[in-house]
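Undergrad: Got a predicted model here, sequence first, then my questions.
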Protein chains: 2
Amino acid sequence: MIRVLLADDENLIRSALRALLSLEDGIEVVAEAATADEALAMARSFRPDVAVLDLQLPDRDGIALAADLHEQVPGCRTMIVTSHGRPGYLKRALAGGVGGFLPKTVSASVLAQVVRTVHAGGRYVDPELAADAISAGDSPLTARESDVLELAAEGAPVEEIARRAALTPGTVRNYLSSAASKLGAANRHEAVHVARRHGWI
Amino acid sequence: MIRVLLADDENLIRSALRALLSLEDGIEVVAEAATADEALAMARSFRPDVAVLDLQLPDRDGIALAADLHEQVPGCRTMIVTSHGRPGYLKRALAGGVGGFLPKTVSASVLAQVVRTVHAGGRYVDPELAADAISAGDSPLTARESDVLELAAEGAPVEEIARRAALTPGTVRNYLSSAASKLGAANRHEAVHVARRHGWI
DNA sequence: CCGGGGTGGTGACATTCGTCATCGACCGGC
DNA sequence: GCCGGTCGATGACGAATGTCACCACCCCGG
């Protein structure tokens, strides 16, 4: 019997997934959590075999949670289910030792199959997401460029970004400018959109 | 027996909801659709009592779909389930005759109860969303301001917005300026964020 | 019929932003 | 030890943007 932990902030989805997985032979949902912290606590006490995580949790993202789980609950394999299959996330997830990465558009039988695959130590990535990730490639941005672009995401003026990044306004504009040109955007706001679409910020 | 149509682009969620609702007495899922067009066609042939719609469908949003359903499939009541409970959407939905509006964070039992309430001709709105909507109030933007702000959402320069809106760049700047000041934003990009958060665009 | 509000426009002005050249410091690899 | 890349900064220039004042038109309600 594969013991599964579910982590998703949406109650409805969570209980729905539970209902789905319970219909499968050899799979048992032993715990549910709505936040990453809750999931971590649950995992420590219930010791599940596989953790099925949503990518976006209220307190932090599923990738960070997976890393914590691997560290604190050895023997618990992880897989991520998400609505927004940005290529960058997939790379980060795989680099973090996540065993499966699926969009929520897959069918229930695929989900159950992937739970089994991951439990057996295998890996599974949705073919379409994989294709996106390969064609999208790595982020061309440097670490600082990503930081600054992220701070620009809310539409704040350069001066505020500078304060929040502890940089000179001039430097901020340089980074934004180079980021925008790397992303083929006309300005930083379009650059934010491009980077978001690729999962680079 | 309440006959239900499910419309959600995410296969997993859809079949999970089906599994959930099927556990309830007196509720039967008679059709599933992944797009608005598909849902419309399904509804015409299956004549469901209640349509449970996702807010975001690939071809158009759940509110527009609900309007089409009311027109083309009389006797079919509608309710919307969503991950993103922006206040503006709720208002638009209720104005469009939608009977129920829920976030996906509700429990399965609430969902089933709301299906029954809506089927009986009643209305149900998640209390928290209702509170948000009331406190958020109406959009302070005029029709044109909203249009222009929406075109600005992708970070396009003023000139492109002007072309796409068939306006002079100067006029566009006037609208954006007044929209930003109404929203308490320092620039149009921040204004876009504020408007998005409230569901006004 | 008059006023107010929304729409669409013009012109001017100051500010912000994008771009570029250039500089120094630091770190890694060859 | 030198070279290249990233980080951080400065200054300068032109273009884009935000802001304001003001105009005209239309429509609707009082």
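TA: Perfect, thanks for sending it.
Undergrad: can I get the CA coordinates of stretch A:16-31 in CSV?
TA: Output of stretch A:16-31 as CSV, limited to C-alpha atoms (Å, rounded to 0.1, in the frame of the first residue of the first chain):
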residue,chain,number,x,y,z
ALA,A,16,-11.4,15.7,-4.7
LEU,A,17,-7.9,14.3,-5.2
ARG,A,18,-8.3,12.2,-2.1
ALA,A,19,-11.5,10.8,-3.5
LEU,A,20,-9.8,10.0,-6.8
LEU,A,21,-6.8,8.4,-5.4
SER,A,22,-8.8,6.3,-2.9
LEU,A,23,-10.5,4.7,-5.9
GLU,A,24,-7.1,3.3,-6.9
ASP,A,25,-5.8,-0.1,-5.7
GLY,A,26,-2.8,0.1,-3.6
ILE,A,27,-2.9,3.8,-2.9
GLU,A,28,-4.0,5.3,0.4
VAL,A,29,-4.1,9.0,1.3
VAL,A,30,-2.9,9.2,4.9
ALA,A,31,-2.7,13.0,5.4
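Undergrad: Kindly provide the distance from the most centrally placed residue in chain A to residue A:133.
TA: Of all residues in chain A, the one closest to the mean position by Cα atoms, centre = their mean is residue A:55, 4.0 Å from it. Residue A:55 sits 14 Å away from residue A:133, going by Cβ to Cβ, to the nearest Å. Quick note: C-beta positions are derived from backbone N, CA and C, even for glycine.
Undergrad: coming back round to it: how about the backbone phi and psi for the residue nearest to the centre of chain A?
TA: Backbone torsions of residue A:55, given as degrees, to the nearest 10, read phi -70, psi -40.
Undergrad: With adjacent residues omitted, what lies nearest to it?
TA: residue A:82 (3.6 Å; Cβ to Cβ, 6 or more residues apart in numbering or on different chains).
Undergrad: Quickly list what that neighbour is bridged to.
TA: residue A:103 (DSSP bridges).
Undergrad: Who are the contact partners of it?
TA: A:54, A:55, A:56, A:62, A:89, A:101, A:102, A:103, A:104 (Cβ atoms under 8 Å, 6 or more residues apart in numbering or on different chains).
Undergrad: Closest to DNA strand D out of those residues?
TA: residue A:89 (21.0 Å; Cβ to the nearest atom of the strand).
Undergrad: before we move on, back to that, isn't the residue nearest to the centre of chain A up against residue A:89?
TA: Yes - judged on Cβ atoms under 8 Å, residue A:55 makes contact with residue A:89 at a distance of 6.2 Å.
Undergrad: secondary structure class for the most far-flung residue of chain A relative to its centre?
TA: Most distant residue from the mean C-alpha position of chain A: residue A:170, 32.9 Å away (Cα atoms, centre = their mean). Judged by DSSP: H, G, I helix; E, B strand; the rest coil, the three-state class of residue A:170 is helix.
Undergrad: Strands of chain A, residue ranges please.
TA: For chain A, the strands defined by DSSP state E cover A:2-7, A:27-33, A:50-54, A:77-82, A:100-103, A:124-125.
Undergrad: can you redo these as JSON lines with mean pLDDT and distance to residue A:162?
TA: Below are the strands of chain A laid out as JSON lines (pLDDT from 0 to 100; distance: least, Cβ to Cβ, whole Å):
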{"stretch": "strand A:2-7", "mean pLDDT": "96", "distance to residue A:162": "37"}
{"stretch": "strand A:27-33", "mean pLDDT": "95", "distance to residue A:162": "39"}
{"stretch": "strand A:50-54", "mean pLDDT": "95", "distance to residue A:162": "34"}
{"stretch": "strand A:77-82", "mean pLDDT": "93", "distance to residue A:162": "33"}
{"stretch": "strand A:100-103", "mean pLDDT": "91", "distance to residue A:162": "36"}
{"stretch": "strand A:124-125", "mean pLDDT": "92", "distance to residue A:162": "39"}
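Undergrad: And those: which comes nearest residue B:11?
TA: strand A:100-103 (8.8 Å; Cβ to Cβ).
Undergrad: Give me the helices and strands touching that closest one, please.
TA: Strand A:100-103 sits against strand A:77-82, helix A:87-95, helix A:108-119, strand A:124-125, helix A:127-136, with contacts defined as 3 or more Cβ pairs under 8 Å, 6 or more residues apart in numbering or on different chains; DSSP states H and E.
Undergrad: Most tightly packed of these?
TA: strand A:77-82 (a mean of 26; mean count of other Cβ atoms under 10 Å in any protein chain shown).
Undergrad: Contacts only, for residue A:68.
TA: Residue A:68 touches A:36, A:40, counting by Cβ under 8 Å, 6+ apart.
Undergrad: Outline the domain layout of chain A.
TA: A:2-136, A:143-198 (automatic domain parsing).
Undergrad: what's the closest of the ones you listed to DNA strand D?
TA: domain A:143-198 (2.6 Å).
Undergrad: chain center to the closest one, what's the gap?
TA: 22 Å (Cα atoms, centre = their mean, to the nearest Å).
Undergrad: Is chain B within reach of it?
TA: Yes - residues of domain A:143-198 contacting chain B under Cβ under 8 Å from any Cβ of the partner chain: A:154-157, A:185-193.
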